[in-house]
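Q: no sequence for this one, just the structure:
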Ligand code: FES
């Protein structure tokens, strides 16, 4: 039965079509029908729609393996990665696709996450800060790091910047300047990293207000819809505890 459902079933895709570059274009939902194949993902289906129905359909992808974060979109009401979402997940065979909210629309299902992620990186200065690093000496021994700390940093580095956390965030939807979970995750990562000499006071200057950690309403959409299952709730609580004690 399962095999039958995945192989040969008719699927209906309801997709928002809108190209803001075309003067006078209006947003509309367009339905496309496809035959489901075994192991089909939403990403594969979108490629087929583009090949068989409409080559002008816009959506993003790079890796097709849940690594680049490009293919995030709203799939049946939930932000997720198209390349990691099997069509067999939807027993009714009806799939509605919308672009991620909270980002500038490029066209159809394609949004400009890069612009937002770059702004996040610039705002938090997302690189190791160490004024005493001095001249680079290639003959110097590498400074070792505690393996548990390295593991903890690596866990937070798994973020693929897909934007699902921002699209699912009630605060971000109300307040454009809200940093959001992707930024908090990075701040926590640098605060944890002993090579970064920024203090909690320095980080307070970046996230110690309503556009930062105190604006979070704890709705936890970020945690619920992160396709990489990152511990957003834990990190937000960690940062809040750190920031309330800054004098
Ligand atoms: S195409 Fe890279 S995450 Fe989906």
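A: Right, received. Where do you want to start? All values reported here derive from a predicted model rather than from experimental measurement. Numbering: from 1, shown residues only.

Q: what residues does this structure put near the ligand?
A: 61-64, 66-71, 81, 83 (CB under 6 Å from any ligand atom). C-beta here means a position set from N, CA and C on the backbone, and glycine is covered the same way.

Q: got the residues you listed as a markdown table, with pLDDT columns?
A: As requested, the residues of the chain next to the ligand are exported to a markdown table (pLDDT from 0 to 100):
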| residue | pLDDT |
| --- | --- |
| 61 | 96 |
| 62 | 96 |
| 63 | 96 |
| 64 | 94 |
| 66 | 96 |
| 67 | 95 |
| 68 | 96 |
| 69 | 96 |
| 70 | 97 |
| 71 | 98 |
| 81 | 98 |
| 83 | 98 |
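
Q: quick one: which of those residues sit in strands?
A: Among the residues of the chain next to the ligand, DSSP state E puts residue 81 in strands.

Q: can you select the buried ones from the residues of the chain next to the ligand in PyMOL?
A: Only the buried entries of the residues of the chain next to the ligand go into this PyMOL selection, using 16 or more other CB atoms under 10 Å:
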select buried, resi 61+64+66+68+69+70+71+81+83
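
Q: what's the closest of the residues of the chain next to the ligand to residue 202?
A: Nearest to residue 202 among these, counting by CB to CB, is residue 69 at 27.9 Å.

Q: make sure that closest one is actually in contact with residue 158.
A: No - using CB atoms under 8 Å, residue 69 is not in contact with residue 158; the gap is 10.8 Å.

Q: phi, psi of the most far-flung residue of the chain relative to its centre?
A: Within the chain, residue 139 marks the point farthest from the mean C-alpha position, 38.9 Å out by CA atoms, centre = their mean. The phi/psi pair for residue 139 (degrees, to the nearest 10) reads phi -90, psi -10.

Q: per-residue pLDDT, the residue lying closest to residue 171 once chain neighbours are set aside?
A: Nearest non-adjacent residue to residue 171, counting by CB to CB, 6 or more residues apart in numbering: residue 178, 4.8 Å away. For residue 178, the pLDDT comes out at 97.

Q: domain parsing of the protein, as residue ranges.
A: 2-110, 113-129+145-244 (automatic domain parsing).

Q: save the ones you listed as TSV, and put in distance to residue 135 too.
A: Converted to TSV, these look like this (distance: least, CB to CB, whole Å):
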stretch	distance to residue 135
domain 2-110	35
domain 113-129+145-244	16
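
Q: hang on, residue 26 packs against residue 18?
A: Yes - counting by CB under 8 Å, residue 18 is a contact partner of residue 26 at 7.2 Å.
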